[in-house]
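A.B. asks: Provide a 3D model corresponding to the input given below.
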Amino acid sequence: MVHRLLDLNKILKDDRSAFLFGPRGVGKTYLCHEFIKGKQPYTAVDLLKNEIVTRYVLQPGIFRKEIEEKISAHKILTVFVDEVQKLPQLLDEVHYLLENYKKKVRFILTGSSARKLKRKGANLLAGRAWTLNLHPLSFMEIDLNLDKALTIGALPAVYCDDDDPKRTLKAYVDTYLKEEIMQEALVRNIEGFIRFLDLAGQMNGQPINFTKIAKECRVSDKTIREFFSILVDTLVAFKIDAWSHSVRKQIRQSPKFYFFDCGVLNAIRGELDIKLRPSSYCYGKLFETFIVQELIKLNDYTEAGYKFSYWRTNTGLEVDMILSKGFNQPPIAVEIKSSTAPVLSDLHALRSFQSENKTAALYCLSNSPQPYTLENIKVFPWREGIKKIFSGKPEGSGQGEGAHGKENGI
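C.D. replies: The predicted structure follows:
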């Protein structure tokens with residue numbers, strides 16, 4: 001069994017309720033079942049079962065009456081509702097129960113999409129439930145084999161247990177991404193969305209030209225923007241804006257989108273059977289995607305509070321990731337290189353970024369077996385460098401402990 005960094009027993013003390021969001025297949029249901037097993041009494045409602053949805057869809061008040069009946073018989077009741085976006089109207093009943101039975105009931109609500117909740121104006125409980133995020137496996141949770149993770153990704157069941165992971169990943173794309181997401185997001189142009197999904201896979205980690213993609217998909221710019229929004233809202237992709245202290249400049253510059261898992265990305269691109277070579281362009285881009293995913297995972301789990309962006313000049317110099325916490329704290333600029341021995345000529349973009357941002361900490365995360373320094377750039381083995389970033393004491397910024405947040409114990 002893998003011990004997840006998101007420890008619900010530590011986070012959810014006493015009567016605290018929570019939304020737990022994450023893409024399908026990351027282990028939300030298993031994590032919640034492990035949590036509620038020790039929280040007697042409890043009741044579980046699985047909204048992936050059509051008969052349960054049918055029972056509540058016309059009369060959601062029945063759900064409230066059933067929970068009230070259980071509350072009356074116990075000191076405190078834990079209620080687990082799986083895939084709550086399937087029936088957003090239940091959240092009004094959850095709100096009522098939390099308000100009227102304080103200290104008597106708490107809810108753990110999972111979802112693989114916030115989009116349906118937002119679109120239907122669902123009651124998100126106004127702070128009565130914390131929002132938590134679960135991701136595919138992290139190297140901090142399991143000794144990930146890098147080449148395996150770059151090929152089939154890190155969805156728990158796929159990475160740990162599947163004897164035919166490539167077939168499973170193809171099915172994930174066909175049945176979930178191409179069918180369920182389209183249905184949930186009310187995509188009307190099905191052919192356009194499928195063409196878009198193929199192109200989005202090819203454009204993973206690159207600045208997006210919405211107009212160009214719209215022409216290739218034979219849909220409008222507005223539709224393409226909506227399609228990307230669907231990927232983000234269903235937690236299948238992360239949006240990374242261009243770096244700027246000016247919000248207006250960020251809006252004008254093209255964003256990047258990274259898919260949440262390398263295995264799913266390879267399945268979308270039809271590249272599950274391609275043999276990776278460490279010196280190849282494909283390997284380098286997958287390595288970049290994997291590191292971006294790890295940074296996002298640990299930012300959520302440690303509650304470090306970093307905002308992510310990338311930096312690019314008109315001449316093509318680019319820094320893969322900028323981690324920042326606002327104007328008063330120096331940013332961390334991260335260049336991701338898959339080579340085992342990056343040299344100074346590989347890192348011109350970092351030096352150029354620091355010429356405009358004097359206090360920035362400069363990191364290169366690589367496959368180097370040992371850390372070393374090139375001028376004021378810290379080159380790290382990627383595992384060690386990520387741990388350093390989230391230790392609360394990143395090197396090179398000229399700041400002491402606490403300059404980038406509390407010590408997170410990593």
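A.B. asks: so who does the residue nearest to Leu5 when sequence neighbours are not counted touch?
C.D. replies: Leaving aside its sequence neighbours, Leu5 sits nearest to Tyr301 (CB to CB, 6 or more residues apart in numbering; 4.3 Å). Quick note: C-beta positions are derived from backbone N, CA and C, even for glycine. Contact analysis of Tyr301 by CB atoms under 8 Å, 6 or more residues apart in numbering lists 5-6, 138, 140.
A.B. asks: what residues does stretch 62-74 touch?
C.D. replies: 41, 43, 45, 55-56, 77, 79, 90, 93, 96-97, 101, 104-105.
A.B. asks: can you count the residues close to Ile11?
C.D. replies: By the other CB atoms under 10 Å criterion, the neighbourhood of Ile11 contains 13 residues.
A.B. asks: my guess is it meets Leu134, correct?
C.D. replies: No. Ile11 lies out of contact with Leu134 (CB atoms under 8 Å); the separation is 11.8 Å.
A.B. asks: and Val81, backbone torsions?
C.D. replies: Here is the backbone geometry of Val81 (degrees, to the nearest 10): phi -110, psi 110.
A.B. asks: how about low-confidence regions in the stretch 151-300 of the chain?
C.D. replies: Residue ranges of the stretch 151-300 of the chain with pLDDT under 70: 184-186, 245-252.
A.B. asks: domains in the protein, by residue range?
C.D. replies: Structural domains assigned to the chain are 8-133, 146-280, 303-389, following automatic domain parsing.
A.B. asks: checking the residue nearest to Leu5 next. Helix, strand or coil?
C.D. replies: At Tyr301, secondary structure determined by DSSP: H, G, I helix; E, B strand; the rest coil is helix.
A.B. asks: quick check: the gap between it and Lys10.
C.D. replies: 11 Å (CB to CB, to the nearest Å).
A.B. asks: repeat for Gln293
C.D. replies: Relative to Lys10, and taking CB to CB, Gln293 is found at 23 Å.
A.B. asks: higher neighbour count, those two?
C.D. replies: Neighbour totals were compared for Gln293 and Lys10, and Gln293 leads with 23 against 7 (other CB under 10 Å).
A.B. asks: so for the helix or strand hosting Lys65, what gets flagged as buried?
C.D. replies: Lys65 belongs to helix 61-71 when assigned by DSSP states H and E. Neighbour-count burial for helix 61-71 flags 63-64, 66-68, 71 (criterion: 16 or more other CB atoms under 10 Å).
A.B. asks: and for stretch 330-343?
C.D. replies: 330-338, 342.
A.B. asks: and the strands in the stretch 151-300 of the chain, which stretches?
C.D. replies: With DSSP state E, counting those that start in this stretch, the ranges of strands along the stretch 151-300 of the chain come out as 237-242, 256-259.
A.B. asks: and the ones you listed, which is most packed in?
C.D. replies: strand 256-259 (a mean of 22; mean count of other CB atoms under 10 Å).
A.B. asks: which one of the strands of the stretch 151-300 of the chain lies closest to Asn357?
C.D. replies: strand 237-242 (14.1 Å; CB to CB).
A.B. asks: am I right that Ser368 is in contact with Asp346?
C.D. replies: No. Assessed by CB under 8 Å, Ser368 is found out of contact with Asp346, at 11.6 Å.
A.B. asks: now do the shared contacts for the two.
C.D. replies: Joint contacts of Ser368 and Asp346 (CB under 8 Å, 6+ apart) are Ser339.
A.B. asks: returning to that earlier point: which two in the contacts of stretch 62-74 are spaced the farthest apart?
C.D. replies: Top of the distance list for the contacts of stretch 62-74 (CB to CB): Arg55 and Lys104, 23.7 Å.
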